[in-house]
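# Below is the structure, and that's it, no one-letter string:
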């Protein structure tokens with residue numbers, strides 16, 4: 001088990017104003033860093049309607065989960081941040097299965113060694 005898997009994470013969706021998009025993204029990342037959070041993932045998604053802004057999805061990690069609420073409060077006070085939404089964790093994914101090619105799926109598979 002890796003240390004990163006046990007670190008608490010928070011996923012946010014932020015609606016950003018488009019007039020200084022790069023500056024707003026930089027401010028958002030700097031705010032997270034100054035709050036004591038680490039960046040785990042970031043995705044920029046364009047708005048569906050012209051002039052509606054850009055959605056930025058970020059996943060941040062922290063040793064102390066209490067820092068998440070502090071970050072949300074700071075982002076809500078951002079000049080170019082129109083909306084801050086916490087994204088709920090997705091439902092658990094089914095267990096991974098071994099992928100097989102269709103043309104060889106009917107061939108005899110080698111026997112698996114027993115696990116002790």
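Yes, it's here. Predicted model only: the values in this text are computed from it and were never measured. Numbers count the residues shown, from 1 in each chain.
# Quick one: the strands in the protein, in order.
9-16, 38-46, 54-61, 81-87 (DSSP state E).
# For the residue nearest to residue 8 when sequence neighbours are not counted, grab the count of nearby residues.
Closest residue to residue 8 apart from its sequence neighbours, by Cβ to Cβ, 6 or more residues apart in numbering: residue 65 at 4.6 Å. Yep, even glycine has a C-beta here, placed from its N, CA and C like the rest. When counting by other Cβ atoms under 10 Å, one arrives at 12 neighbours for residue 65.
# again, but for residue 74
Applying other Cβ under 10 Å, we find 17 other residues in the vicinity of residue 74.
# what about this protein, any weak spots by pLDDT?
For the chain, applying pLDDT under 70 flags the ranges 1-5, 47-48, 89-116.
# longest helix of it?
When secondary structure is assigned using DSSP state H, the longest helix within the chain turns out to be helix 21-35.
# That one - contacts with which helices or strands?
Packed against helix 21-35 by the contact rule (3 or more Cβ pairs under 8 Å, 6 or more residues apart in numbering; DSSP states H and E) you find strand 9-16, strand 38-46, strand 54-61, helix 66-76.
# could you redo the last one with a cut-off of 6 Å?
Judged by 3 or more Cβ pairs under 6 Å, 6 or more residues apart in numbering; DSSP states H and E, helix 21-35 is in contact with helix 66-76.
# measure the closest residue to residue 25 other than its chain neighbours to residue 33 for me?
The shortest distance from residue 25 to any non-neighbouring residue, by Cβ to Cβ, 6+ apart, is to residue 56 (6.3 Å). Distance, residue 56 to residue 33, using Cβ to Cβ, to the nearest Å: 15 Å.
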